[in-house]
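Asks: My questions are about this predicted structure, shown below with the sequence.
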Amino acid sequence: MVVEALLLDLDKTLVNVEDFTDYCSALAELDAAGYAPRVRGPETYWGRCTKTVMDVLISLGGAEWARANEIVRRYELIGAERAVAMPYLDLFLAATERLPKAIVTLLDAEATSLVLQRFAIKTQAVVARVPGIRPKPHPDPVIHALKLLGAEPDGAVMVGDSEWDEKAADAAGVRFIAVTNGRQNHNFKTPYIANNLKEAAKLIQEL
């Protein structure tokens, strides 16, 4: 089936923000404020602090979420300023230029905007970590991105690097391309596996 729209994770898929974000300090602040994970997302390859911070955020709602998010947001903005492009980013963007795109990310909205501006990543829609939309691994941000693009699930493909991305895409009925970034140990179920963005671009052309 022809690919009509692309949904793209951001961190460690297009741009490396995580390695420049002090999630361990963010986690220490969350812990001091009394926030701890009540639910846990899928196991993935993120650092321990990153995974725990994201587990905390998906555990919270309302005013608690807003306070916790403000703690994490400060560190992510610093990471966004220091982030670097993932290998073959420019090639990938050029190869997929004709396709409508939406960013679907766990990053804070302001940090997301900064990253997109810094790396001249142009998309038709952005769904970041905001109140009112349950984040990945829930399908909600994927479904919201499809609505913003006016796309159907069976005409879209999501590209991401984590099992959280895959779970969200699968729950929304969207095909998923996993970018492993060279890791051999993963829990992806998709048949579409790419080591990097160059291979992901080739897979998109072949679908």
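Replies: Arrived safely.
Asks: Next, the buried residues of the helix or strand where Leu114 lies.
Replies: Assigned by DSSP states H and E, Leu114 falls within helix 109-118. Going by neighbour count (16 or more other C-beta atoms under 10 Å), the buried part of helix 109-118 is 109, 111-112, 114-116. Where C-beta positions appear, they are placed from N, C-alpha and C, glycine not excepted.
Asks: and if you look at stretch 48-60?
Replies: In terms of neighbour count (16+ other C-beta under 10 Å), stretch 48-60 has its buried residues at 49-60.
Asks: Got the confidence number for Ala66?
Replies: For Ala66, the model assigns a pLDDT of 97.
Asks: oh, and call the first residue 555 from now on, that's how I've got it
Replies: Sure, I'll start numbering at 555, so the last one becomes Ala620.
Asks: Not counting the helix or strand hosting it itself, show me its contacts.
Replies: Using DSSP H and E, Ala620 sits within helix 616-636. Residues outside helix 616-636 that contact it (C-beta atoms under 8 Å, 6 or more residues apart in numbering): 571-572, 574-577, 579-580, 583-584, 587, 589, 607, 610-611, 614, 661-662, 664-666, 668-669, 672, 683, 685.
Asks: and if you look at stretch 671-679?
Replies: 562, 568-569, 634-635, 637, 639, 643, 647, 654-657, 669-670, 699, 702-703.
Asks: got any ranges where the chain has weak pLDDT?
Replies: Judged against pLDDT under 70, the chain has no low-scoring part.
Asks: In terms of residue numbering, what are the domains of it?
Replies: Split into domains by automatic domain parsing, the chain comes to 559-570+638-760, 572-636.
Asks: if you compare those domains, which one is most tucked away?
Replies: domain 559-570+638-760 (a mean of 20; mean count of other C-beta atoms under 10 Å).
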